[in-house]
Every structure is written in C-alpha cells, then in structure tokens.
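J.: Here is my input; please provide its structure:
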Amino acid sequence: MSDPGFEAFLWSLTQQESGGNYRAVGVWVGNDRAYGRYQVMGNNVPSWTARHYGKRLTPQQFLNNSAAQDAVVRGVLGGYYKKYGAAGAAAMWYSGQSNPNKTYGNPPVKTYVNSVLKRAQSYSGQSYSGSSSGYTGSAAVPKLDSAELMEQYGLSSALINSSKELKSLFKQAVSGGWSAARFQASLKNSKWWKGQSDSLRKYITTRFTDPATWRQGNEAAAAKINRLAVSVGLGNQIFRAGPGKGQANALLKQAVYNSLALGWSDERLKDWLGSKVTVHGGVMWGEAGEAFDKIHEISYLNGQRYSAAYYKAVATNIAAGRGTLEQYEAQIRKEAGARYSAYRDQLIAGQNLMDLAAPYIKSLSSLLEIPETDVDLFNSHIAKAMTAKPAKGAEASGSQMPLWQFETAVRADPLWRKTNNARESMMTVAHQVAKDFGLVF
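T.: Down below sits the predicted model:
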C-alpha cells in the first residue's frame, strides 16, 4: 500500500486519536495523560510548544489552544512523516519507535498503524501524493466557508470590508483554507494590522492564541451589555427569547464586539443600544439597520446629535432608495462644518472630527487619568476646544485653541485635583518653594 498524502494521513490519525476533538483528554497512564486533538502527552507539551509554537505552554493551556496543537503536530509529526513515511510516523506517534510491525501495546502497534493507513484511503479532502515527498509542511485544515473562517479568525464582515488589504488577505485565506495560525502570521505583517488600535489587536490575538480566555471575555461582556440594555429599555427578553431571537443575538454579538474589539465605553454602548429602542419593533434590521448604524456612527464621530426619529427616517429612506448614505453623510459633515468652523474644510473633505480632536483627547486622558475611549466630542473640555473662536488676527483655519491653553483649562477642572498628576505637580511646586526659602536642599 502506497503512502497516503500527509493531509489524508493526518486526518486519519486525528480520527484515530480523538475523533477530531481539540478538547479531548486521555486517561491517566502512570503520572501522565494525552491532551488535545492529536493526543500529545502532557510531559511533551512544554518543550514541543516552545520549539514549534514559540511559546512554552502548560498542558491545560495547550488543551485550550487549537493553534498551538496544530503547530506542534505540524512540527513533530510532520518531521516523522518526512523521515519514516506514513507507517513509520504512525508507529512513532503511537509507540515512540518507527517500526510499524511491532505487536506490543493495546491495541498492538501494527493494528494501530494499519487502522490509520486504511482509514486514510477514504479521505476526500485532497488528492493523495502517493509518497512522503508530497508533504509540504502544512497541517490538515478543513475547508471552511467565509462565515466560519470569520468566526475562527475573530473578524466581522464589516471589519473585513473596511480595508482593501484585509479584504484581499481574507479572500486568499478562504480560497486556500488557511489555518488560524497562518492567517494570523500574514495579518500581523500587514499595514492594516500595524495601524489598528490596541484593543482590536488584543481581541483578535486572544481569539487566535487563547480561545478559552477569549470566550470568557465575551461572556463577561455579554453579561455587562445585557445590564446596559435593561437600563436603556431593551431588556432581557430582547436577548433571550421571542420571534426575533436570532436578530437579537446578532445585536448582542455586535455590542460585545464593539465593546471588546473597538474599545467602546459603557456610555457609548448605552447610547448605541438606546438608539435601538426607539426604532420600530425595538430594533432596526437588514439594510435599514446597517444604514441606521452607519449614520449614527458618522454623527457621533463628528460631534452631531440627532433625534431617534431622524435616524429612523434616514435609515428608512436609504433602504427604500429615496436617498443614499453618501448624501446623508455629506449633509451631516456640512452641519458639523458649520458648528466646528475651524475644521470645516477637513470635515467636508471626509475627515472625522474625532480624529482631528485626537491631540486634545490624548491630553485630557493623560491629565485626568481616564481611558481615551471614555473621552468623546461631547466632553465639555473637548467641545469647547473644538468650537473655540480664533483670536484676533489669527488664521481662520486649523486648531483655534493652543494645546497649552487647553491643558491649563483642564487643570482648572476640580477632577484634575484628584489625580496623581495634580498631587505630583503640587508636591513639586511645594518642594521648589521650600527650596527657594532655603528650607530644603
């Protein structure tokens, strides 16, 4: 019998060991047991993960990390396959020796090997190479559709479609059936990845490397968001039952993503969830829902607030073809330009006021020691800075309030006096005064 291709061999061995279950745990044998889809013995996990995954894991961490399991089997079993062929590799994996004809063990080594090789012939995922030379170093990866891969990679369709580079990379992953580890490696080398927020990078990385922690984070965020939903009037029944359960779950999932991946503050989540309450049926879905969210986001990022009736009317008009998203966005930018006249040209050109306010937001965050994600354009200090009128003789465009003047105003806020920044500043001044009077050296 000729060697099956590596993909067929690995699939068959996986079925033999665990039925394809990444969370499988073997029985105790002496002081050790096997872990994961490929049933790696616990004593081997630390050294094998350090060598083939780049990070030393405990057996429990290994059990919760499918990417690490794939990397280890690709490195260890792939090496056996190249050196000994399929039969020898199966024998090595099972017994630690490459002779496939041994009769010890329960089942015997020979029986185990024959079972793996026979099953491999029924594999239909890829054609067989006919010899060990067909192995390319890639672990067996099931072909998944785009929706399944989005879930596996920790991405959303909106996020993927927001970047040509990311969209192209994802298309390659779908067509090639990439593993999460391979996609992650390519993603981290992209310009898109390097320009993203820390919260989004952390969200995606955790989804790849520690799915158990990722799931716990999602569950905690979902519980928090459910409480926020109750506080704004959506209520538990929206997320748990009723004919719109699937749609409600999609809303909850999006809210969790906004919280963890995009770093939305509780206030912004409440604002977003609250906007859903006033729409027909409690929530707006489909194309109208997408337009509703987009218009709401454009308004928020440009310091504009409108009534719930306005958002509903705009979303309905766009979905019905009575207007376009671009037309309404232009209108919002025009109105924002009238209010924030110093930035009119940039806003009309497509820049968001939130980005233009970044220096003030960063400064306020640092001075008052609060997360940047908790500061927006509706903060009184930020709003005042962005709407400040130019001094006499000053240029009519660009920032109208110097950063030093802004920081002086923030330090006059009673909140500043409660920060470590304030205490350290006052201690420094007191020390200097005492020094000037010769009281300290």
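
J.: how deep is F406 tucked in, by neighbour count?
T.: By the criterion of other Cβ atoms under 10 Å, F406 has 21 neighbours. For the C-beta atoms, the positions are set from N, CA and C on the backbone; glycine is no exception.

J.: Now do the contacts for it.
T.: Taking Cβ atoms under 8 Å, 6 or more residues apart in numbering, we find F406 in contact with 360, 363, 381, 385.

J.: out of the residues you listed, who's nearest L159?
T.: Nearest to L159, judged by Cβ to Cβ, of these is Y360 at 27.2 Å.

J.: Neighbour-wise, give me the winner out of the contacts of F406.
T.: Neighbour count (other Cβ under 10 Å) singles out A385 as the most crowded of the contacts of F406, with 26 neighbours.

J.: That one contacts A358, doesn't it?
T.: No: judged on Cβ atoms under 8 Å, A385 makes no contact with A358 at a distance of 11.6 Å.

J.: Distance check, D271 against A308.
T.: 11 Å (Cβ to Cβ, to the nearest Å).

J.: again but with W28, I slipped
T.: Taken as Cβ to Cβ, the span from W28 to A308 is 60 Å.

J.: how about the biggest helix by length in the chain: buried residues?
T.: With residue count as the measure and DSSP state H as the assignment, the chain has helix 66-95 as its longest helix. Neighbour counts over helix 66-95 (16 or more other Cβ atoms under 10 Å) mark 66-78, 80-81, 84-95 as buried.

J.: Next secondary structure element downstream of it?
T.: Note on helix 66-95: by DSSP states H and E, the next helix or strand toward the C-terminus is helix 109-120.

J.: mind saving the C-alpha coords of that next one as PDB?
T.: The C-alpha trace of helix 109-120 is given here as PDB (Å, rounded to 0.1, in the frame of the first residue of the first chain):
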ATOM      1  CA  VAL A 109       1.400  -1.100  17.200                       C
ATOM      2  CA  LYS A 110       0.800  -3.000  13.900                       C
ATOM      3  CA  THR A 111      -3.000  -2.800  14.400                       C
ATOM      4  CA  TYR A 112      -2.900   0.900  15.200                       C
ATOM      5  CA  VAL A 113      -0.800   1.700  12.100                       C
ATOM      6  CA  ASN A 114      -2.900  -0.400   9.800                       C
ATOM      7  CA  SER A 115      -6.100   1.300  11.100                       C
ATOM      8  CA  VAL A 116      -4.600   4.700  10.400                       C
ATOM      9  CA  LEU A 117      -3.400   3.800   6.900                       C
ATOM     10  CA  LYS A 118      -6.700   2.100   5.900                       C
ATOM     11  CA  ARG A 119      -8.800   5.000   7.000                       C
ATOM     12  CA  ALA A 120      -6.600   7.500   5.200                       C
END
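
J.: Same question for it: list its buried residues.
T.: Neighbour-count burial for helix 109-120 flags 109-110, 112-117, 119-120 (criterion: 16+ other Cβ under 10 Å).

J.: Same question for stretch 414-422.
T.: Applying 16+ other Cβ under 10 Å to stretch 414-422 flags 416, 419, 421-422 as buried.

J.: got the contact list for that stretch?
T.: With contact meaning Cβ under 8 Å, 6+ apart, stretch 414-422 is reached by 366-369, 410-411.

J.: before we move on, back to that, give me the angle between the longest helix of the chain and helix 109-120.
T.: Angle, helix 66-95 to helix 109-120, by axes from the mean of the first three to the mean of the last three Cα atoms, to 10 degrees: 130 degrees.

J.: what's helix 66-95 packed up against?
T.: helix 6-17, strand 40-41, helix 45-52, helix 59-63, helix 109-120, helix 180-188, helix 198-209 (3 or more Cβ pairs under 8 Å, 6 or more residues apart in numbering; DSSP states H and E).

J.: Now render those as TSV, adding distance to G337 and mean pLDDT.
T.: Below are the helices and strands packed on helix 66-95 laid out as TSV (distance: least, Cβ to Cβ, whole Å; pLDDT from 0 to 100):
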stretch	distance to G337	mean pLDDT
helix 6-17	58	89
strand 40-41	61	94
helix 45-52	55	92
helix 59-63	52	90
helix 109-120	66	90
helix 180-188	36	74
helix 198-209	29	78
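
J.: how about those, which one is nearest I318?
T.: Closest approach to I318 among the helices and strands packed on helix 66-95 is made by helix 198-209 (27.1 Å; Cβ to Cβ).

J.: What are the buried residues along the closest one?
T.: Of the residues in helix 198-209, 199-200, 202-209 count as buried by neighbour count, 16+ other Cβ under 10 Å.

J.: just those now: which is nearest S124?
T.: S124 lies nearest to F208 out of the buried residues of helix 198-209, by Cβ to Cβ, at 28.2 Å.

J.: Any idea how far the longest helix of the chain is from the middle of the chain?
T.: 31 Å (Cα atoms, centre = their mean, to the nearest Å).
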